[in-house]
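**Q** Sequence first, then the predicted structure, then my questions.
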Amino acid sequence: MTVIEIAGVSKRYGATVAADDVSLTVEKGEIFGLLGPNGAGKTTLVECVAGLRRPDEGRIRVHGIDPARERARLRQVLGVQLQDGMLPDKLRVGEAVALYRSFYRDGADTGRLLADLGLADKVDAPFEHLSGGQAQRLSIALALVGRPKVAVLDELSTGLDPQGRRQIWELVERIRDTGVTVLLVSHFLDEVHRLCDRVAVLDRGRIIALDTPDGLVAAEGGGQRVRLRVAGALDRDALAALPEVTAVTGEDGETVVAGTGNLMHAVNTELVRQGVTVTELRLEQATLDDAFLALTGRTTQENSDD
Ligand SMILES: Nc1ncnc2c1ncn2[C@@H]1O[C@H](COP(=O)(O)OP(=O)(O)OP(=O)(O)O)[C@@H](O)[C@H]1O
């Protein structure tokens, strides 16, 4: 069942095209990722889904509701994670959750929600005293307090340490397991790889790829690389001619063989045939980072430094 439908959506700010003819659908129970560099248009798109902005063109439906025209109905089915620092410093965790709960006819049990999010002992803590991870968990609690069918989570693990990120990821999986459809905005490749069923990669307002995380990696060129060094001369052309091999590159005496299928075995067999002495041999699986680089021409480092 389609829960979110985005069809031909465009949004401009003056001369900037933030969304350019974007179409996608999100199915019930999916964790769907929007991945892209800074300024790619991710936030603009989710703000349109959340009814906070009106697209210039195109159609959006969330559970059949037009977000731009039916904000009150939308609020009953869609929960949106607040961005950093959007709560008053002195507001206590329990007060914030109770306030947000009061917006809904059929909201969550706030005590249970806080316990589920590991915030039970922070009920009386003011927002300004929360750690980064606790503040993130509170923002997720506020997105879920209306027991939404759809949760929009934006840059959910920014600023968290590795342990905090893992905890948040487990939490998102638990949310999905309760039947909530999740639209997740991220520019972290490891995050979308771990969590998402499907990912749309956005760049300059356009969808440049839409697939499962593994599908994106595979499309990048099969997903494997063998790095090797040998003593003496290596016939790279013979390696390149192997059916499993898509490319052979190399510098500083290292040879990098990219390919598909049983690449390691094929390369090994060829090295034995050539009778060369191998001094180093290592298999790397391509990651979503490689796919991102191949798709956008930018590394994730350039991405976050944008
Ligand atoms: N209110 C606004 N007025 C003018 N331009 C805007 C506005 N909001 C966003 N933009 C521009 O639209 C483009 C898309 O921005 P958007 O925030 O949607 O991207 P994003 O992918 O969410 O980026 P980030 O990862 O940095 O949050 C950018 O070029 C941005 O500068």
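**A** That came in fine, so what should we check first?
**Q** And the pLDDT for Q301?
**A** At Q301, the model reports a pLDDT of 57.
**Q** got a list of what the residue nearest the centre of the chain touches?
**A** Centroid-nearest residue in the chain: V192, 3.4 Å away (criterion: Cα atoms, centre = their mean). Listed by Cβ atoms under 8 Å, 6 or more residues apart in numbering, the contact set of V192 reads G33, L35, L184, S186, V199, P213, L288. Every C-beta, even on glycine, is put in place using the N, C-alpha and C of the backbone.
**Q** try R282
**A** Counting by Cβ under 8 Å, 6+ apart, R282 makes contact with V226, R227, L228.
**Q** Out of those, who's the most crowded?
**A** Comparing the contacts of R282 by number of neighbours (other Cβ atoms under 10 Å), V226 comes first, having 23 neighbours.
**Q** which other residues reach whichever strand or helix holds it?
**A** Element membership for V226 (DSSP states H and E) is strand 224-231. With contacts defined as Cβ under 8 Å, 6+ apart, strand 224-231 is touched by 253-260, 263-264, 267, 271, 276-286.
**Q** what does stretch 55-69 give?
**A** By Cβ under 8 Å, 6+ apart, stretch 55-69 touches 3-12, 19, 21-23, 48-51, 54, 73-74, 77-78, 149-150.
**Q** What's the end-to-end length of that stretch?
**A** Using Cα to Cα, to the nearest Å, one end of stretch 55-69 lies 11 Å from the other.
**Q** mind listing what's buried in that stretch?
**A** P55, G58, I60, R61, V62, H63, I65, P67 (16 or more other Cβ atoms under 10 Å).
**Q** So what pairs up with the third one in the strands?
**A** Read that as I60. Beta bridges link I60 to I6 when assigned by DSSP bridges.
**Q** ok, R273 to L45 distance?
**A** Using Cβ to Cβ, to the nearest Å, R273 is found at 52 Å from L45.
**Q** ok, back up a step: quick one: mark the members of the contacts of strand 224-231 that sit in helices.
**A** L263, M264, V267, L271 (DSSP state H).
**Q** okay if I get those residues as a markdown table plus pLDDT and neighbour count?
**A** Listed next are the ones in helices among the contacts of strand 224-231 as a markdown table, based on pLDDT from 0 to 100; neighbours: other Cβ atoms under 10 Å:
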| residue | pLDDT | neighbour count |
| --- | --- | --- |
| L263 | 90 | 21 |
| M264 | 93 | 16 |
| V267 | 96 | 24 |
| L271 | 95 | 20 |
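**Q** How about the residues of this structure by the ligand?
**A** Y13, T16, A18, G36, N38, G39, A40, G41, K42, T43, T44, H187 (Cβ under 6 Å from any ligand atom).
**Q** from those residues, which two are the most distant?
**A** Of all pairs drawn from the residues of the chain next to the ligand, the greatest distance, 19.9 Å, lies between Y13 and H187 (Cβ to Cβ).
**Q** out of those two, which sits in the busier spot?
**A** Neighbours were counted for Y13 and for H187 using other Cβ under 10 Å; H187 has more, 21 against 10.
**Q** what's the neighbour count on G164?
**A** G164, neighbours per other Cβ under 10 Å, totals 17.
**Q** in whichever strand or helix holds it, what's buried?
**A** Using DSSP H and E, G164 sits in helix 162-177. Residues of helix 162-177 classed as buried: G164, R165, Q167, I168, W169, L171, V172, I175, R176 (neighbour count, 16+ other Cβ under 10 Å).
**Q** Please spell out which residues along the very next helix or strand once past the strand holding V226 are buried.
**A** As assigned by DSSP H and E, the chain's next helix or strand after strand 224-231 is helix 236-240. Across helix 236-240, burial judged by 16+ other Cβ under 10 Å covers L239.
**Q** next one: helix 236-240 to chain centre, how far?
**A** Distance of helix 236-240 from the chain centroid (Cα atoms, centre = their mean, to the nearest Å) equals 37 Å.
**Q** again, but for stretch 35-44
**A** 11 Å.
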